[in-house]
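# Take a look and give me a structure for this.
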Amino acid sequence: MRNWLIGTLVIAMACPALGVVVVLKEGSDLSGINSDLADAFDAVTAADVVVVQVDDTAWYDRDDLNSSYGDAPSWGNLQSRHLFKFDLSALPGFAGSTIEVAQLRLTQSGGNSGNSCAPIITHDWDEATAKFFSPDGSSVPGWGPASDSKFSSADYGPLVDTGWDGFFTGPSGGVYWGYLTATVTADVQAIADGTAPNYGWFVKTGNRSLLSSENEYDGYRPALFISYTPVPEPATLALLAMSGLIFIRRRR
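Numbers count the residues shown, from 1 in each chain. As a prediction, this is how the structure comes out:
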């Protein structure tokens with residue numbers, strides 16, 4: 001009786017509070033990931049990767065020089081406006097979950113100035129159609145649906161400086177490879193709570209060249225690290241309820 005009670009209490013206490021660590025990216029290679037992340041991600045491996053669709057694109061400040069960059073393997077230092085969005089629908093128990101920490105990790109292959117991040121708050125988008133500016137607002141795909149509005153500060157929240165992990169020699173040589181790390185815990189919590197849409201993030205740089213989800217170096221593609229406590233699934237709740245009933249009946 002005593003052993004059964006202890007086992008039941010362990011299940012009841014542990015099941016609702018099981019923390020989950022995941023890495024969302026295109027491709028499962030984590031060879032490019034280094035230690036400049038929250039402690040929760042110290043022991044991540046390829047087994048923690050959830051391969052999802054990642055939309056990303058970049059724009060130059062001058063619209064007349066822009067074209068579609070949605071399928072580019074990287075963006076040069078002229079494209080200072082970058083958008084990133086990760087599909088969160090595959091995460092079990094994500095809706096209503098508690099986010100311990102979430103970090104957006106990006107890799108650069110050149111540059112050394114300017115890096116800040118903000119959640120996108122006004123428009124959904126995809127990399128195949130999103131552009132800096134839609135000339136006629138209807139037949140030409142652009143930022144705003146049926147709108148000729150240019151992407152601007154009205155479309156994203158407050159810009160926050162990202163962390164910086166210094167330069168290193170990348171897989172193709174050179175000494176300007178490095179990481180940008182944006183802590184986006186509050187943003188991901190708002191998405192999990194349903195109080196904010198998952199429109200992704202706007203990352204503004206100075207002269208940095210960033211790698212995209214189409215880059216040939218899998219381990220250096222954009223990644224979203226999340227440590228969260230999921231909402232228990234109905235089957236788990238049913239098991240806990242049954243355990244409680246059994247305990248009550250045995251006490252009688």
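# Could you point out which residue ranges in the stretch 1-150 of the chain have low pLDDT?
1-18, 34-35, 63, 67-68, 134-142, 144-148 (pLDDT under 70).
# the strands in it, which residues?
With strands called from DSSP state E, counting those that start in this stretch, the stretch 1-150 of the chain shows them at 20-25, 49-51, 54-59, 74-75, 81-86, 98-110, 115-119.
# I'd like these laid out as CSV, including distance to Thr181 and mean neighbour count.
No exception for glycine: its C-beta is placed from N, CA and C like everyone else's. CSV is the format used below for the strands of the stretch 1-150 of the chain (distance: least, C-beta to C-beta, whole Å; neighbours: other C-beta atoms under 10 Å):
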stretch, distance to Thr181, mean neighbour count
strand 20-25, 13, 21
strand 49-51, 17, 16
strand 54-59, 16, 24
strand 74-75, 18, 22
strand 81-86, 13, 23
strand 98-110, 6, 21
strand 115-119, 9, 21
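# Tabulate the ones you listed (TSV), appending distance to Val184.
Below are the strands of the stretch 1-150 of the chain laid out as TSV (distance: least, C-beta to C-beta, whole Å):
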stretch	distance to Val184
strand 20-25	12
strand 49-51	17
strand 54-59	14
strand 74-75	20
strand 81-86	10
strand 98-110	5
strand 115-119	7
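# Give me the buried stretch members for the helix or strand hosting Ser227, please.
Element membership for Ser227, per DSSP states H and E: strand 223-229. With burial defined by 16 or more other C-beta atoms under 10 Å, the residues of strand 223-229 counted as buried are 223-228.
# tell me which strands and helices it is in contact with?
Packing partners of strand 223-229 (3 or more C-beta pairs under 8 Å, 6 or more residues apart in numbering; DSSP states H and E): strand 20-25, strand 98-110, helix 185-193.
# how about 10 Å then?
If you count contacts as 3 or more C-beta pairs under 10 Å, 6 or more residues apart in numbering; DSSP states H and E, strand 223-229 packs onto strand 20-25, strand 49-51, strand 81-86, strand 98-110, strand 177-183, helix 185-193.
# Strand partners (parallel or antiparallel) of the second one?
Going back to what we said before, that points to strand 49-51. Here strand 49-51 has these sheet partners by DSSP bridges: strand 20-25 (parallel).
# Determine the angle, from 0 to 180 degrees, between the strand it pairs with and strand 98-110.
30 degrees (axes from the mean of the first three to the mean of the last three C-alpha atoms, to 10 degrees).
# Off-centre distance for stretch 89-99?
Here the centre of stretch 89-99 is set off from its chain's centre by 13 Å, with C-alpha atoms, centre = their mean, to the nearest Å.
# Check which residues of that stretch are buried.
91, 93-94, 97, 99.
# Apart from its neighbours in sequence, what residue is nearest Leu75?
Check again: residue 75 is Trp, not Leu. Distances taken as C-beta to C-beta, 6 or more residues apart in numbering place Ala58 nearest to Trp75, at 3.8 Å, with adjacent residues excluded.
# The one you found contacts Leu106, correct?
No - applying C-beta atoms under 10 Å, one finds Ala58 not in contact with Leu106, separated by 11.4 Å.
# tell me, what's touching these two both at once?
Contact with both Ala58 and Leu106 is made by residues 82, 84, 203, 205, 210, 212, according to C-beta atoms under 10 Å, 6 or more residues apart in numbering.
# Point to the residue nearest the middle of this protein.
Nearest to the mean C-alpha position of the chain, by C-alpha atoms, centre = their mean, lies Leu224 at 3.4 Å.
# Thank you kindly, that will do.
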